[in-house]
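# mind looking at a prediction? Sequence and model below.
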Amino acid sequence: MKKIFIFWLVGFGLLPVLWGQSPERIQVMTYNILNYRNFTSYCPSAQNNPTTKEGYLREVMAYALPDLIVFNEVGGATATPHAQLLTNVLNVNGETRWAATPYANNGFSSLVNAIFYDQNKLGLVGHWTISKSLSNVDLVRVIDVVRFYYRDSLLSINPDTSFMTVVGAHLKAGNTTADAADRATATAAVMQFIAQRFPQDNVLLAGDLNVYKSQEVAFQNLINYSVSAARLYDPVGQLGAWNNNISFAPWHTQSTRNASTNNGCYSGGGLDDRFDHLLVSDEILNGTKKVHYVAGSFQTIGNDGNHFNSAVDEGSNNTIPSNIRTALYNISDHYPVILSLDMTRLGIGLPEWSKDSSWKIQTRGQGQFIVSCFAGGTTFDVVDLQGRRILEGSAKEGKAEFQLREPYSSLFVRMFDSAGRWISSNRLTP
């Protein structure tokens, strides 16, 4: 007779609370790094040297100490610039903690996003791209969607860790009606994706949105979407007409330069636009699902509120060291934007799971599993820590049987509803 081992991954208040851990703080950065290793007639290598830029980027990274980065304006013709950021900027001087999410392009754009994360704190669950509008027309650039899980130190004891979905976007630049329409088309596609896959979940959108005011349709799609559960929020609540408006001087993110533009490679005009954003879901804003925005942590690095229509190197600026002022001036015409998130850590014996997100997992040896997600589901898949799909299949009311034919160290099983929307995930341990 075969032995059946049943592991209940849900607490019903039967276990005593032994101890908990204080939250771990994660710093998130978005940064448009201006044609990194993308050379054009108006911005050749002589005006935007990549090796010099990498040196300055290393200084900014050492100063800001991010754990999760969304870069915009990375050369996209090949995956090489994406990889060079990892090897030439992040994993340097013996550092090995950084990992990259997959390179993605639509086949015709010269620029892509590049997302990097501290693999000691975060693990990759999945990566998707949004490349088409709701009417199946190509977007200007690919929008990346990445799902992470928090690598809690107690994962081996309790797999109920937190998850977060990050959307990396760089929308169409320009102030024409057509440009604004392109941006609106892109954000409509983003919000439908979020509403279908990750409603009422930890979602963060990062990137250069190129919007001039919050009233623009593209931005309204994000903050006033028809499905209220999927809406995103500005953590600092600074909504309005940002362009050339001194009232928003502390929140502007472009430009680091005034008159000196390296022959048009950089945008000038000084600091007077809020293009770069970090938007969060209600769940992150209020910390209802174990990921909590840290009030007061939102910051445009190098913007002291006193440089309206001025370059970063003009006058005095006591908020950053002089070497960082020089680095920001030389890297890009955009400033980096950061915020902090507190990740709720597990506690031994805590009843972490609620009934609607709990699982029961049975193993029958030789890689055979019976999994039951109490929240239901009609399809499932199994992915590894790099987000690669191992298998997929049908489920009946959240229950599925499958067999893993190859040895594994750690995998995730994910359950979806009939519309393909993610319901819940759990870790499979050998």
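Yep, that arrived.

# enumerate every residue touching residue 401.
368, 369, 370, 371 (C-beta atoms under 8 Å, 6 or more residues apart in numbering). For every residue, glycine as well, the C-beta is placed using N, CA and C.

# can you give me the helices for the chain?
50-64, 80-85, 177-197, 217-223, 282-286, 322-331 (DSSP state H).

# can you tell which of the ones you listed is closest to residue 404?
Closest of the helices of the chain to residue 404 is helix 177-197, at 24.8 Å (criterion: C-beta to C-beta).

# show the end-to-end separation of stretch 399-416, please.
Using C-alpha to C-alpha, to the nearest Å, the end-to-end distance of stretch 399-416 comes to 11 Å.

# ok, and for stretch 364-373, which residues are buried?
Residues of stretch 364-373 classed as buried: 369, 371, 372, 373 (neighbour count, 16 or more other C-beta atoms under 10 Å).

# what is the least confident helix or strand in this structure?
When each helix and strand of the chain is scored by mean pLDDT, DSSP states H and E, strand 5-8 comes last, with a mean of 36.

# got a markdown table for the helices of the chain, with mean neighbour count and mean pLDDT too?
Shown next, in a markdown table, are the helices of the chain (neighbours: other C-beta atoms under 10 Å; pLDDT from 0 to 100):
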| stretch | mean neighbour count | mean pLDDT |
| --- | --- | --- |
| helix 50-64 | 18 | 98 |
| helix 80-85 | 19 | 98 |
| helix 177-197 | 19 | 97 |
| helix 217-223 | 20 | 98 |
| helix 282-286 | 19 | 97 |
| helix 322-331 | 20 | 98 |
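
# out of the contacts of residue 401, who's nearest residue 154?
Taking C-beta to C-beta as the measure, residue 154 sits nearest to residue 371 out of the contacts of residue 401, at 21.6 Å.

# wait, that closest one touches residue 426, no?
Yes. Contact criterion C-beta atoms under 8 Å: residue 371 and residue 426 qualify, at 7.4 Å.

# list residues touching both of the two?
359, 361, 413.

# spit out the contact partners of the nearest residue to residue 332 once chain neighbours are set aside.
Closest residue to residue 332 apart from its sequence neighbours, by C-beta to C-beta, 6 or more residues apart in numbering: residue 34 at 3.8 Å. Contact analysis of residue 34 by C-beta under 8 Å, 6+ apart lists 43, 48, 73, 265, 266, 331, 332, 333, 334.

# hang on, isn't the third one packed against residue 208?
Yes. A contact is recorded between residue 73 and residue 208 when judged using C-beta under 8 Å, the distance being 7.5 Å.

# hey, what's in contact with both of these two?
32, 170.

# how about the contacts made by the nearest residue to residue 65 once chain neighbours are set aside?
The spatial neighbour of residue 65 that comes closest, neighbours along the chain excluded (C-beta to C-beta, 6+ apart), is residue 27 at 6.2 Å. When contacts are counted by C-beta under 8 Å, 6+ apart, residue 27 touches 64, 65, 66, 67, 68, 297, 338, 339, 340, 341.

# so residue 27 versus residue 249, what's the distance?
For residue 27, the distance to residue 249 (C-beta to C-beta, to the nearest Å) stands at 24 Å.

# from residue 70, how far off is residue 35?
For residue 35 relative to residue 70 (C-beta to C-beta), the value is 17 Å.
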